[in-house]
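J.: Show me how the following folds:
(2 chains)
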Amino acid sequence: MKREGWFAPYVSSYFWRFVLIIVLGALTVFSASSLMYTSGFLISKASIPPENILMIYVPIVGVRTFGTSRAVIHYVERLVGHDTILRILSKMRVRLYHILEPQALFLSSRFRTGDILGMLADDIEYLQNVYLRTVFPSIIALLLYGAAVIALGTFDLTFALLMGLYILVLVVVLPLVSLLFTQRRQREVKQERNRLYQKLTDAVLGMGDWMISGRQSQFVATYEADERKVARTDGWLRGWARLRMFIGQAIVGIGVLSMLYWAAGQYADGAIAGTLIAAFVLVVFPLADAFLPVSEAVEKIPQYRNSLERLSGVEDRDGAPTQGAEVKQNGQGTRAVSAGVLEVAPVAGGRTETLDEVRTQSAGIAKIKVTVAGRDISTTTGQAGNEGHSQHDIAIQTHIRLENVGYRYGADDDWSVRDLSLDLPQGKKIAIIGRSGAGKSTLLKVIQGVIQPTEGSAEINGRAAASYGEDIPSLIAVLNQRPHLFDTTVANNIRLGNPQASEEEICAAGALAKLDSLISSLPEGYNTPVREAGQRFSGGERQRIALARILLQNTPVVVLDEPTVGLDPRTERELLATMFQAMAGKSLVWVTHHLVGAELMDEVIFMENGTVEMRGTHAELLEKEPRYRRLYELDRPVEFLG
Amino acid sequence: MDKNLLGYKGVKPVFLIVGFLTLVQSLSILLLAKWLAEVVSALFAGAPLKEQWGTSLLFLLAFLVRHVCALLMSRVSYRFAEATGRSMRQQMMDKLFQLGPRLAGDRGTGTLVTLVLEGVTKFRTYLELIIPRMVGMSVTPLMLLVYVYTQDTTSGVILTVTMPIIIAFMILIGMTARKQMDRQLKSYRTLSNHFVDSLRGLETLKFLGRSRSHSESIAHVSDRYRSATMRTLRVAFLSSFALDFFTMLSVASVAVSLGLRLVNEQMTLVTGLTILILAPEYFLPVRLVGADFHATLDGKEAGEAMKSIIDRETVQAVKLTASGAGQGVAEKGAASGAVAGNVSSAGRVGGAGRAGTNRTAGTTLVGQPSSASDFAWTNGAILQLNGVGVKYEEGGLSSLEGVSLRFAGAAKIGIIGESGAGKSTLVDILGGFLHPTSGSITVGASTFSSLTDEAWRKQTAYIPQRPYIFSGTLADNVRFYYPEASMEEVRRVIGEAGLSRLVDSLPNGLEEMIGGGGRSLSGGQEQRVALARALLSSRPIMLLDEPTAHLDIETEYELKETMLPLFAGKLVFLATHRLHWMVDMDLIVVMKQGQVAETGTHQELIARKGAYYELIQSQLEGIH
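T.: As a prediction, the model looks like this:
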């Protein structure tokens, strides 16, 4: 059933192209067969005593035509085929994207993101073979099968049925037997190879460990043993393929013989002209070339299944928590708000709306006045480095409130977050710290409205955070541990924050993120390509580019999700300094693994097992909590200060 | 075609067998054509069918022999390809583990893994195809052609002339296609990667509020990709078009010329039919080569890539002298002020000079391979680096230069410095992953060119930033260095490493599956597993490379509390940029730009107000 989901729609929308490809494919084989047929006819005819060049004129033209047309038709067929497949590929990509897009924020918890996404992309590429290697050749073979049997049937029905039986073995029986025979083993090989892939990747990553353990030869030995197991199954499959090929050829041989026998009989009976004996016998070979590969085409089916299963697997989880029931109820509101956001009221600076004002408005049509302040960033162009300049850029006052929020993924699960309250008026800066699994990411998701709290409420400007839906990015920007840099120029990467931004605005954002010296060291400045996944740059540099991007996005609230993990202390410090400087006036939710910079925050929250373990300002915690003091000393050891 | 081909083990018998089979096959093709033609023309001439049974069966026999030969050839070459592919893989795996983690870092883990798995498969396909194709190309057309000449010169000439035309056109078109590919390769690559790139960046797009509108860009780019691909394919497909076109044209010309001569009674029907049947067979080997061209090319390249790894030189640790350690075989301008200072301070750490007692006075065994006992590390032995340097390229910058250090017996050594200062390179030298390009290393009584020796590594426990957790039970992971350890011992070290609580919470306890496919552990837990591993092995030397920098501060604190007492009685090297560890170290080595800037205890270095002091100052500055 699922298979139809990835096949049927394309068949119907490209129906005539498919027909064309199949007709062309059939014509290719037809030309090749006709060449041999007419050739056989030609030389037989030519050898008949009352010779006359005019008698064989027509077959000569036929031979020449078929000789040249095969190549031309085949060329056109391949071009049309590939063009169609690439069109389908493009549609499939868009479709996969549409499936994945709504669940974007849950993907990372479900898969090892990079790997699986790469695999899905490969799967789609792979599916093009379904058409090119399996569907088209099989249909063409079936078509020719029908045509051949009908053509023979006009001479002799019984013999046509006999030949039909032979070809049936080639086109149906052998492929099915082959499929049944090899299916399990093929799957085994595939799974086994995936395991090997995993095992080897692990080992290469842990190569240092293996070397130190002194057991690397043991690893190589077990790995080789596994490989040998796969090789055995693989060898079996290859052996079968060879045997199958031979069986097929043997059937062709018997077919030729039967044809010979029949044609001779017909000739003796005077039913056919003698010139046709050679023609009939010779045509068997090129026709067989169309029937023999069907087994191989059909045998490939199990290989596609994996890809299809993976693709359908993604589709099944379409109902990820994003589309929670409560959110859907608010759907109307969301749409109304998006209208509201578009209704841009250019009010620069100042507190445009208070919480109360928002509340007085009817819930659905909360009209958020957005100075889509990216346009206003030009005010900073000339004054980069001027303290407090960003104050002007905060167009909307955003107040985030969490009251006794609790969240768990299922009714029987443990609470990921429990009893958490948070008040974040515009401009407040909080740091959140806790070990992995303490509930930090759940908390962030609640703030972004990606998930609806199971208990309590999460509101932005008095409205449920979850009801903002797609409009959250105009309020909250996120900088996480590994922001993705797209394979384009630096400028284009930054521009993603605001596609309408001018060159100057991009440079201004870059200046705020202190990219200047880096950019001037690049061969083409802002127009330098970042290479795949930003490989050209170091971790700290990548973060700065991403920072410029979210500065251009210019939201009143910024979430920093451990942006400095993996950076060395100097880079960490410098990056944090730049970030905090550039974000003056914005509200900040900063999840951090170190305490460097905690003193600059208005509140520090320690989370453990989903609840708040301690909270307060840096100074308070330092004074009250010995535990906090102890941890802080790891970042700034007191011994060193003395 | 490939000069490596003749170098593979057992390739000659394969060539002989395939050659023989090809001869038999070509012969059977000749015979089947002849017999089939005879039967057809006899029947055509009105001979009764009954008399033709013998020849018909002979035809079937020849036909079957031909395909049996094909089957056997494919089988022989598959066997050979399998064996050669396997030995290639084994050699490469061995080499990979000799070259160590540095290569994986340079080449990328993914690339290496793909090379081992996919590369070997491709290479195997190449070997499997290339031998029969090469032999087939050189034997079959020639034999058939000679036979055709003996029967009919005109047809022979037509066939002879076509072959070079086909080959010339294929090469010409292939080159044009390649040129066109190269011209747009860059934009082509970007276009084809665009989709994966978009999926990988989906989260980021979502955060930026651009994810919805981006689907248009996917459709758009896919479309551009399609037109770019089609432009290339139009040219690329021309080569198979040329092949098809000229073969078919040639066959057609042969048929027509045969027909014309038959009309003029210059030839018999049998000959005409035989030649007509043979004409497509004459071109078949070329067409097969054309069809498998890309598969063979890929495989050849994969084979070359593997060979380049296998042929890499690995420098083995060589025993230079058996003289004592105390002499300080200082080299190559290593005796800078800082180093002179450090030797004295290092001497203070352990009971130095003991190694001198085992000195085999004056025996100089230059270039002698090391034996296992040479690296034996006893408490109180001496490890000395003599002017060790690492330079990856001739004339390039040194990653490490003139490092002379001396350690004795159990001690905790902190290695600190900024990124790029040479910490990791030094750790790689100490762990025996990397052979220095200059200098020597003295262990106990003997001096070696490096520590890259199994015997040395077996005394070392290694805890990197991301320890290797393989797919298996927790207990097996802990027993990694020491698989024979009993369960009690495992339980003991699990307790010492602070993993008992985790084990209690696991449904299967120590038998819980972890790693790929099993339960995933947090960063801190992974470190603890590595720690338990190190403890179980009771290896005297411990090497830690940035063990806590990526962890949250609480986990880091707890891990430090667990680790410090366990360092007792071992020689521990801890490379980090987290300053807080340094207070607990017996000796601190401060690295700067690939050199040892200074060494000493925390107090000494603070008092000196040198590089260490600067490092602290820069880190203790607040954020402003």
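J.: Output the below-cut-off pLDDT ranges for chain B.
T.: Applying pLDDT under 70 to chain B flags the ranges B:1-3, B:322-374, B:395, B:516-517, B:622-624.
J.: how about the longest helix belonging to chain A against chain B, any contact?
T.: Under DSSP state H, the helix in chain A containing the largest number of residues is helix A:216-269. Yes - applying CB under 8 Å from any CB of the partner chain, one finds helix A:216-269 touching chain B at A:216-217, A:219-220, A:223-224, A:227-228, A:231, A:235, A:238-239, A:242-243, A:245-246, A:249-250, A:253-254, A:256-257, A:260-261, A:263-265, A:267-268. No exception for glycine: its C-beta is placed from N, CA and C like everyone else's.
J.: And the buried ones among the residues you listed, selectable in PyMOL?
T.: The command below creates a PyMOL selection of those among the residues of helix A:216-269 next to chain B that count as buried (16 or more other CB atoms under 10 Å in any protein chain shown):
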select buried, chain A and resi 216+219+220+223+227+231+238+242+245+246+249+253+256+257+260+261+263+264+267
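J.: can you tell me the average pLDDT over the helix or strand just after the longest helix of chain A?
T.: As assigned by DSSP states H and E, the chain's next helix or strand after helix A:216-269 is helix A:275-291. If you average the pLDDT over helix A:275-291, you get 91.
J.: I'd like the next helix or strand past helix A:275-291.
T.: Tracing the chain C-terminally past helix A:275-291 and defining elements by DSSP H and E, one meets helix A:294-299 next.
J.: by contact count, what packs against the helix or strand following that following helix?
T.: Note on helix A:294-299: by DSSP H and E, the next helix or strand toward the C-terminus is helix A:301-316. Judged by 3 or more CB pairs under 8 Å, 6 or more residues apart in numbering or on different chains; DSSP states H and E, the packing partners of helix A:301-316 are helix A:2-13, helix A:57-100, helix A:113-129, helix A:174-205.
J.: what does helix A:301-316 contact?
T.: By CB atoms under 8 Å, 6 or more residues apart in numbering or on different chains, the residues outside helix A:301-316 that reach it are A:2-3, A:5-6, A:96, A:99-100, A:119-120, A:122-124, A:126-127, A:129-130, A:134, A:179, A:182-183, A:186-187, A:190.
J.: repeat for stretch A:184-203
T.: For stretch A:184-203, contacts defined as CB under 8 Å, 6+ apart pick out A:210, A:219, A:223, A:226-227, A:229-230, A:233-234, A:236-237, A:299, A:302-303, A:306, B:109-110, B:113, B:116-117, B:468, B:470-471, B:515-517.
J.: how many neighbours does whichever residue of the stretch 401-550 of chain B sits closest to chain A have?
T.: Per CB to the nearest CB, B:Tyr468 is where the stretch 401-550 of chain B lies closest to chain A, at 2.4 Å. Residues contacting B:Tyr468 under the criterion other CB atoms under 10 Å in any protein chain shown number 24.
J.: Helices of the stretch 251-400 of chain B, start to end?
T.: Assignment of helices within the stretch 251-400 of chain B using DSSP state H, counting those that start in this stretch yields the ranges B:269-291, B:293-310, B:337-349.
J.: roughly how far apart are the residue of the stretch 401-550 of chain B closest to chain A and B:Ala497?
T.: Distance of B:Tyr468 to B:Ala497, computed by CB to CB, to the nearest Å: 16 Å.
J.: same check, this time on B:Ser56
T.: Distance of B:Ser56 to B:Ala497, computed by CB to CB: 81 Å.
J.: Repeat that for B:Ser87.
T.: 41 Å.
J.: more neighbours, these two?
T.: Counted by other CB under 10 Å, B:Ser87 and B:Ala497 do not tie: B:Ala497 has more neighbours, with 25 against 13.
J.: Name the helix or strand for the closest residue to that one other than its chain neighbours, please.
T.: Closest residue to B:Ala497 apart from its sequence neighbours, by CB to CB, 6 or more residues apart in numbering or on different chains: B:Ala532 at 3.8 Å. Counting by DSSP H and E, the element that carries B:Ala532 is helix B:523-537.
J.: can you check A:Leu422 too?
T.: Under the criterion of DSSP H and E, A:Leu422 resides in strand A:417-424.
J.: what's that strand in contact with?
T.: Contacts for strand A:417-424 (CB under 8 Å, 6+ apart): A:399-407, A:430, A:439, A:442-443, A:446-447, A:453, A:455-456, A:557, A:587, A:589, A:605, A:610-612.
J.: counting contacts, what elements does the helix or strand in which A:Tyr37 is found pack onto?
T.: Taking DSSP H and E as the criterion, A:Tyr37 maps to helix A:15-46. The elements that helix A:15-46 packs onto, with contact taken as 3+ CB pairs under 8 Å, 6+ apart, are helix A:57-100, helix A:136-153, helix A:275-291, helix B:214-263, helix B:269-291.
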